[in-house]
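J.: coords please:
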Amino acid sequence: LNSEMIRDNVLFSSGLLHTELGGPSVKPYQPEGLWEAISVGQKGRGEPVYIPDRGEKLYRRSLYTYWRKTIPPPSMLIFDAPMKEFCEVRRVRTSTPLQALNLLNDPQLLEAARVLGSKLVEDHSLPVEEKISLAFRKIISRRPKDHEIEILLKGYQEEYDRFSASPAEAKKFLQVGAYPQYDKLDPIECAAMMHVVSMIYNLDEAISKS
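T.: Got it, this is the predicted structure:
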C-alpha cells in the first residue's frame, strides 16, 4: 500500500478514522523536536514549532496531512511517499528495516492498536480467541487460520502474564496517543490485547494487499 493508505487502513480498522471530506490540512503525530531542529526559527518562513492537532482532526485521512517541503512527514517518507518537488508517475517500492521499526513504534499505530484492543476487551460476550479473530478480520480482511490464532493466543497469554507481574508497566503501555483510554476496563487485559493487535498490524499482509 501507499504510505497514506497504510495509515488510513490503521485508522479505519481501529474505528478512529474521521471521514469528513474537504477542509484545511491537519497535523498528525510527528517525532518530537524534529520540526524545531530543522526549522530556521522565528526569523524563517512558516511555523517554528510543530503542534499536532487534537480531537477528530488528528484522525483525518492522510490526504489532508500538512506537508512542508523542507520538513515532510517522516513516516510517509519511510514508506516511499514522493517529495512533491516534481511529478512521479509511479512510486518506488522499497522494503527497509526503518519501515518495520516505524510499524512497531509509530504513536499513531500504537494508539490504534490500543483503541481497537480496548474495544475488544469491552465486549464481554466474546472469548479471547474470538476477539483476536475479529481483530484479524478487521485488519487483514480474512479469517485467521488455526495456526495463526494459536500463535496470537500464545502471544496474548505471554503478554498477559508479563503485565500481571507488572501492572504499572501495563498502565504505562496504554498511555500512548491522545485518544482517551477506557478507564473502567482491566489495564492488564487491554495492554495484552493491544500488543496482539499491534502484532497483526505488523504482518506483511497488513501493508501488502494482493
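
J.: Run through the residues that contact Glu88.
T.: Applying Cβ atoms under 8 Å, 6 or more residues apart in numbering, we find Glu88 in contact with Pro82. (Each C-beta comes from the backbone N, C-alpha and C, glycine too.)

J.: and it, how far is that from Thr94?
T.: Distance of Glu88 to Thr94, computed by Cβ to Cβ, to the nearest Å: 14 Å.

J.: now the residue nearest the centre of the chain: how far from Pro31?
T.: The C-alpha lying nearest the average C-alpha coordinate of the chain belongs to Leu109 (Cα atoms, centre = their mean; 1.2 Å). For Leu109, the distance to Pro31 (Cβ to Cβ) stands at 14 Å.

J.: again, but for Lys69
T.: Using Cβ to Cβ, Lys69 is found at 18 Å from Pro31.

J.: Enumerate every residue touching the residue nearest to the centre of the chain.
T.: Contact analysis of Leu109 by Cβ under 8 Å, 6+ apart lists 10, 102-103, 198, 201.

J.: If we use 6 Å, what do you get?
T.: The neighbours of Leu109, taking Cβ atoms under 6 Å, 6 or more residues apart in numbering as the test, are 10, 201.

J.: Could I get the phi/psi values of it?
T.: phi -70, psi -40 (degrees, to the nearest 10).

J.: and what of the one 3 residues further on?
T.: For Ala112, the backbone dihedrals (degrees, to the nearest 10) come out as phi -60, psi -40.

J.: Now it: closest residue in space that isn't a chain neighbour?
T.: Ser14 (3.7 Å; Cβ to Cβ, 6 or more residues apart in numbering).

J.: Verify the stated contact: that neighbour with Val115.
T.: Yes: counting by Cβ atoms under 6 Å, Ser14 touches Val115, with 4.9 Å between them.

J.: what pLDDT does Ser39 get?
T.: Ser39 is assigned a predicted lDDT (pLDDT) of 69.

J.: Show residues contacting the worst-scoring helix or strand of the chain on mean pLDDT.
T.: The weakest-scoring helix or strand in the chain, judged by mean pLDDT, DSSP states H and E, is helix 34-38 (a mean of 79). Outside of helix 34-38, the residues within contact range by Cβ under 6 Å, 6+ apart are 50, 71.

J.: For that helix, output the C-alpha coordinates as PDB.
T.: The C-alpha trace of helix 34-38 is given here as PDB (Å, rounded to 0.1, in the frame of the first residue of the first chain):
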ATOM      1  CA  LEU A  34      12.200  17.300  14.500                       C
ATOM      2  CA  TRP A  35      10.400  20.400  13.300                       C
ATOM      3  CA  GLU A  36      12.400  22.600  15.700                       C
ATOM      4  CA  ALA A  37      15.700  21.100  14.700                       C
ATOM      5  CA  ILE A  38      15.200  21.700  11.000                       C
END
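
J.: Great, nothing more from me.
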